[in-house]
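**Q** kindly return the folded structure for what I paste below:
(one chain, ligands or ions: 1)
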Amino acid sequence: MSAQNSNSTICKVFENNKSWVEQVQSTNPEFFANLSKGQSPKLLWIGCSDSRMAVDVLTKTEPGEIFVHRNIANRVPSEDINLLCVIEYAVKHLKVEHVVVAGHTSCGGVKAAMSTDSVGILDHWLRPIKDLYQANEAEINALPEGERADRLGELNVIQGVNAVSKLPVVHEEWKKGRDLQIHGWIFQLHTGLLKDLDVSVSGPKQVESIYLL
Ligand SMILES: [Zn+2]
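**A** Numbers count the residues shown, from 1 in each chain. Coordinates of the predicted model:
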């Protein structure tokens with residue numbers, strides 16, 4: 001065993017991987033041959049990096065079904081080249097039909113944005129969520145304390161949906177007449193259920209004209 005594998009956590013990962021391969025092959029011998037042929041996901045998931053947001057598990061989907069981008073607090077910064085590349089590739093080349101911005105309850109990133117404690121470089125990343133809190137302080141602070149972070153998390157998702165709907169690459173696809181919808185969801189950790197925030201955008205008519213290039 002290599003030095004890398006001496007750690008029990010790592011050992012467990014490799015053991016589980018092998019066990020998974022055996023399990024999959026026993027029910028579908030062609031699974032990996034088919035997997036290596038390519039991908040045609042219908043959905044792009046932009047979610048939080050939180051380890052509890054196990055996309056495949058909570059959506060009961062198989063490898064190849066969901067294209068994924070994750071960052072802390074599922075932000076959608078229009079100048080983030082990493083995120084922009086993922087969205088452009090998913091929308092333009094993979095032709096996904098749905099883009100989902102997915103937050104979750106009890107998000108540590110959102111909670112940190114509501115605090116005055118420094119979290120290092122994350123202070124910069126979370127600053128727009130702090131600004132969002134500031135802009136909606138009256139509404140959020142009128143809620144019971146235990147519900148405030150989750151409401152800010154919802155507003156952050158709604159802002160993310162709006163940001164995706166303003167991207168030129170999305171408008172280009174709509175101009176081609178392609179069915180492309182953007183959704184905002186919350187994964188509720190206490191129930192395991194996804195909550196649809198009903199803020200879906202499915203065409204340029206739902207976007208302010210100044211953003212239509
Ligand atoms: Zn989170």
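**Q** pLDDT weak spots in this protein?
**A** Where the chain drops to pLDDT under 70, the residues are 1-6.
**Q** kindly recompute the last result at 90.
**A** In the predicted model, the chain carries pLDDT under 90 at residues 1-7, 209-213.
**Q** residue ranges of the helices in it, please?
**A** 8-27, 31-35, 55-58, 81-88, 108-113, 122-135, 137-141, 145-165, 168-175 (DSSP state H).
**Q** distance from the second one to the middle of the chain?
**A** Put plainly, it is helix 31-35. With C-alpha atoms, centre = their mean, to the nearest Å as the basis, helix 31-35 stands 26 Å off its chain's centre.
**Q** do the first one as well
**A** Centroid displacement of helix 8-27 relative to its chain, using C-alpha atoms, centre = their mean, is 26 Å.
**Q** and the longest one, by the same measure?
**A** For helix 145-165, the separation from the chain centroid amounts to 13 Å (computed by C-alpha atoms, centre = their mean).
**Q** does any part of that helix sit near the ion?
**A** No - contact of helix 145-165 with the ion (C-beta under 5 Å from the ion) is absent, the minimum separation being 7.7 Å. For every residue, glycine as well, the C-beta is placed using N, CA and C.
**Q** residue 150 against residue 105, yeah?
**A** Yes - contact criterion C-beta atoms under 8 Å: residue 150 and residue 105 qualify, at 4.9 Å.
**Q** overlap in contacts, these two.
**A** residue 186 (C-beta atoms under 8 Å, 6 or more residues apart in numbering).
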